[in-house]
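Chemist: here is a sequence together with a model predicted from it:
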Number of protein chains: 2
Amino acid sequence: MDMKNIIKRSGEQDEFDVDKLRKSLFRSGAGEDEIDSVVDYITEHLTDGMSTHELYKLAYAQLRKKSTKAAGRYRLKKAILDLGPTGYPFEQLVGELLNNKGYRTQVGIISQGKCVQHELDVVADKPGVRVMVECKFHNDIRRKSDVKVSLYIHSRFQDMKSAWEKETGSENIKYEGWIVTNTRFTEDALQYGNCSGLKLISWDYPAGESLRDMIDQVGYYPVTALQSLTKSEKLYLLENDIVLCKTLIRSIDVLRKFGKTEKQIEKIVNESLLITGER
Amino acid sequence: MDMKNIIKRSGEQDEFDVDKLRKSLFRSGAGEDEIDSVVDYITEHLTDGMSTHELYKLAYAQLRKKSTKAAGRYRLKKAILDLGPTGYPFEQLVGELLNNKGYRTQVGIISQGKCVQHELDVVADKPGVRVMVECKFHNDIRRKSDVKVSLYIHSRFQDMKSAWEKETGSENIKYEGWIVTNTRFTEDALQYGNCSGLKLISWDYPAGESLRDMIDQVGYYPVTALQSLTKSEKLYLLENDIVLCKTLIRSIDVLRKFGKTEKQIEKIVNESLLITGER
């Protein structure tokens, strides 16, 4: 890295000192990861002859952004719990995640299996593949989906598969059964699921493709992660099918209905953009 | 029927009058079925020259028997609920019913399926057949077993079947999955169960082979149906694996432990014999 000079308040020139910046950021309560990230950013954006004042202003603006984003993501687990008490907003979130992966999705439909009718949380289609997704939303983070869940979803999937395979044009379609939960599976639920060919996705399973990872990778954060909204405003959004921050950004008229000022709306949109990683 | 004479209190002879007996029994509060049954019994046991006094004594003794039996059977639903709060005594009852049908049974065992281990309520074997029985005991009579129960038991059965079919000597064995409940199944639970090949048995389903019928046909009444025992005595019996009246009759030493007198024990045994239909 080539050395760059900065202009001190006294008017003197000085070499940019990374350690001084680190110490300053550390004193402000930033964590190691955040400090690394801000230092990287500053090193990249530093221009020769920049004033100390400008440099620190830039650094702290970046830190605030990082913190909001970090805080938003940190709150994700809680934000998903706040999608309750019903499981429907969670189903919509899962539907959106699958749309993002190129599936065409239907959420909350009734469908006739070989033996009985089933309520299917998400049915996701893309050429050659149809996925039946069961969403297990729990209001209590400690509640695990047990082996009975894997067992009954497997039978439900088989019953639907039998019916789908009788449809015309189903010859080249591969059928998959998934279970997505906001909490965790018990050991034997995972064991049975994997053994019987179901795909199981929980808050932190499987590594790299967990629910948290899926959300993080595409920035599909729920509106319940926003600190600039009240609880009742969040509930209103959920009831009106605005589940994700990215959807809210496109639907700010609803915020005007809440009587929010343009300044407040800007703040909400800014927080949404930061959490979703779009800014 | 040849006419028989009875001796009235006055010493006069008279023809036996069925209608008079019916009226008398009716006044004592007996129901139509009980009256029919007593009249049949008397008609059969009446001897020429029997006194009116003897005839009525015999009739009322028979009525008391019938009533105890009827009352015991009437209380059956409640008596089965009283097997709770755990499901284990109910599993034992179901095991006994299957023993009676010629199966060799194991109750409450852990067994390895193809994918996972399962806790099996009853496994019943007879030459050429193995039955996996899941017992769904509910403490609330209004609680129904829903379609999820049929779905998960079907998967559990398939998982066990896959493992059993790999055992040596399993070639000529037919495997069956049953669900037995003390309450009822929902409509779609029955629909899925029947469609997928499970055998579903509830309190009153299927007609003629329901749980009530199975118990009634062989007189396997639980000790909780006895009025001559206290609640805590019944609990003690259940905890010591004495679930059926027929078992109690063979284990009266336990009643002596309760400090019951020989007269009380006789009463308990009599009630047991009457309910089970052995007297």
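Modeler: Structure received.
Chemist: chain B contacts on chain A?
Modeler: Counting by Cβ under 8 Å from any Cβ of the partner chain, the positions of chain A adjacent to chain B are A:114-117, A:147-148, A:150-156, A:159, A:188, A:191-192, A:195-196. Heads up, the C-betas are built off the backbone N, CA and C, glycines and all.
Chemist: beyond the helix or strand hosting residue A:105, next helix or strand please.
Modeler: Under the criterion of DSSP states H and E, residue A:105 resides in strand A:104-112. Counting by DSSP H and E, the element after strand A:104-112 in chain order, helix or strand, is strand A:117-126.
Chemist: centre of the chain versus stretch A:14-22, how much separation?
Modeler: 36 Å (Cα atoms, centre = their mean, to the nearest Å).
Chemist: before we move on, back to that, now restrict the residues of chain A next to chain B to buried residues only.
Modeler: Among the residues of chain A next to chain B, the ones that count as buried by 16 or more other Cβ atoms under 10 Å in any protein chain shown are A:114-116, A:147-148, A:150-156, A:159, A:188, A:191-192, A:195-196.
Chemist: now the host helix or strand of residue A:236: buried residues?
Modeler: Element membership for residue A:236 (DSSP H and E) is helix A:231-239. Neighbour-count burial for helix A:231-239, counted by 16+ other Cβ under 10 Å, picks out A:233-234, A:236-238.
Chemist: packing partners of the longest helix along chain A?
Modeler: Using DSSP state H to define each element, chain A has its longest helix at helix A:52-74. For helix A:52-74, the packing partners by 3 or more Cβ pairs under 8 Å, 6 or more residues apart in numbering or on different chains; DSSP states H and E come out as strand A:5-7, helix A:18-27, helix A:32-45, helix A:262-276.
Chemist: reformat the ones you listed as JSON lines; add distance to residue A:134.
Modeler: What follows is these, written out as JSON lines (distance: least, Cβ to Cβ, whole Å):
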{"stretch": "strand A:5-7", "distance to residue A:134": "58"}
{"stretch": "helix A:18-27", "distance to residue A:134": "45"}
{"stretch": "helix A:32-45", "distance to residue A:134": "35"}
{"stretch": "helix A:262-276", "distance to residue A:134": "27"}
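Chemist: redo these as JSON lines? Include mean pLDDT.
Modeler: What follows is these, written out as JSON lines (pLDDT from 0 to 100):
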{"stretch": "strand A:5-7", "mean pLDDT": "81"}
{"stretch": "helix A:18-27", "mean pLDDT": "82"}
{"stretch": "helix A:32-45", "mean pLDDT": "86"}
{"stretch": "helix A:262-276", "mean pLDDT": "88"}
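Chemist: in TSV, list the ones you listed along with mean neighbour count.
Modeler: Below are the helices and strands packed on helix A:52-74 laid out as TSV (neighbours: other Cβ atoms under 10 Å in any protein chain shown):
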stretch	mean neighbour count
strand A:5-7	17
helix A:18-27	14
helix A:32-45	15
helix A:262-276	18
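Chemist: so what's the most centrally placed residue in chain A up against?
Modeler: Most central in chain A under Cα atoms, centre = their mean is residue A:215, positioned 2.9 Å from the mean C-alpha point. For residue A:215, the contact set (Cβ atoms under 8 Å, 6 or more residues apart in numbering or on different chains) comprises A:76, A:93, A:97, A:221.
Chemist: the first one is in contact with residue A:225, isn't it?
Modeler: Yes: in this structure residue A:76 lies within contact range of residue A:225 using Cβ atoms under 8 Å: 6.2 Å.
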